[in-house]
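1. Any chance you can model this:
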Amino acid sequence: MASIYEQLKAFLDAERLVALATTLVVPEGVAVPLGAKLLIEPNGRTTGSLGAAALDDAVRRDALRAQRREESSRRPYAPALAGATTLAEDDAEIEVFIEVFAPSPHLILFGGDHIAIPLLHYAKELGFRVTVVDARSRFANRERFPEADDIIVAWPDKAFAQLTVDHSTYIAILSHDPKLDEPATRGALQTDARYIGAIGSRKTHVDRRARLQREGFTDEQIARIHGPIGLDLGGRTPAEIALSIIAEIVATRYDHQLAPVAEPEPATPATANELEEAIEVAGD
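-> I've put the predicted structure just below:
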């Protein structure tokens, strides 16, 4: 069986998301080895141990959250998780460093239409690797997308066979053509993609949901689709719509729940003096 380091190297070589937990501080009297390691995969599978099953389980849960945020952290844990009941110092804690190894995020654009051009540019500026997929060669070519890392001229089902889609992958379905969008959506729902967004109006998305339900997809699966795609920024131009899409992707990448716009506080009734001042200013 491969060692933790061999497995970590395999994940890094394949540019796959993974986390490695290491014990940094172990209070005296706690039966946990200093420097013990636990490798945590995005699907929850682990290799190695920190020395106690309950501690492993607690760290695994925190590591999965850290992977969703792509953020390393140093975290304290109660010695009781390792079976310790009495310690010399009551506030002593086990400290574990959870190091997240995140590959460059991968954005796959299904449909090389006008919105895809600024969206690809925004994504490259933010460090994404970008693949453009379209069965129409006039929309998927190097002249149209000089910044693309990969361009695949194929129908979605053929394209998915050429793509590695994992938790660091984000999919935007943009063509407005059901012959492309529908198979791309069905294919995306069968992957571990972190984000799936599909262009179209609210009515289009309602129809899409009904169609997918008839095809046997569950409500939980369909709920993964961001539709209409992007945050409601009020934009109308291709560049503005692309901005709303990349903003939603970034929020998803860091597991950030966007708060609704705050309601404005009710205005305080003006005093007689304030009304008089306002009338004087207006008169001037």
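2. can you give me the strands for the stretch 1-150 of the chain?
-> Residue ranges of the strands in the stretch 1-150 of the chain, as given by DSSP state E, counting those that start in this stretch, are 18-25, 37-40, 46-49, 73-77, 94-101, 106-110, 129-133, 150-152.
3. show me what contacts residue 118?
-> For residue 118, the contact set (C-beta atoms under 8 Å, 6 or more residues apart in numbering) comprises 238-239, 242-243. No exception for glycine: its C-beta is placed from N, CA and C like everyone else's.
4. domains in the protein, as residue ranges please.
-> By the assignment in automatic domain parsing, the chain contains the domains 4-101, 106-253.
5. Go through the contacts of residue 118 and say which is closest to residue 128.
-> residue 242 (12.7 Å; C-beta to C-beta).
6. give me the element the closest one is part of.
-> helix 238-253 (DSSP states H and E).
7. For that helix, buried residues please.
-> Buried residues in helix 238-253, counted by 16 or more other C-beta atoms under 10 Å: 241-246, 248-250, 252-253.
8. which one is the spatially most central residue of the chain nearest to, not counting chain neighbours?
-> Against the mean C-alpha coordinate of the chain, by C-alpha atoms, centre = their mean, the closest residue is residue 253 at 2.8 Å. Closest residue to residue 253 apart from its sequence neighbours, by C-beta to C-beta, 6 or more residues apart in numbering: residue 105 at 6.2 Å.
9. Run a quick neighbour tally on that neighbour.
-> Residue 105 sits with 22 neighbouring residues when counted by other C-beta atoms under 10 Å.
10. and it, what does it touch?
-> By C-beta under 8 Å, 6+ apart, the neighbours of residue 105 are 127-129, 168-170, 194, 253.
11. picking up where we left off before, ok, which of the strands of the stretch 1-150 of the chain comes nearest residue 213?
-> strand 106-110 (21.3 Å).
12. and the angle from that closest one to helix 238-253?
-> 140 degrees (axes from the mean of the first three to the mean of the last three C-alpha atoms, to 10 degrees).
13. what helices or strands is strand 106-110 leaning on?
-> Contact analysis of strand 106-110 by 3 or more C-beta pairs under 8 Å, 6 or more residues apart in numbering; DSSP states H and E lists helix 116-125, strand 129-133, strand 169-173, helix 178-189 as its packing neighbours.
14. mind checking how far the second one is from the chain centre?
-> Spelled out, that is strand 129-133. From the chain centre to the centre of strand 129-133 is a distance of 17 Å (C-alpha atoms, centre = their mean, to the nearest Å).
15. residues making contact with that strand?
-> By C-beta under 8 Å, 6+ apart, strand 129-133 touches 104-112, 116, 120, 123-124, 140, 145, 147-152, 154, 156, 159, 163, 184.
16. Residue 230: which of the strands of the stretch 1-150 of the chain is closest?
-> Closest among these, using C-beta to C-beta: strand 106-110, at 13.4 Å.
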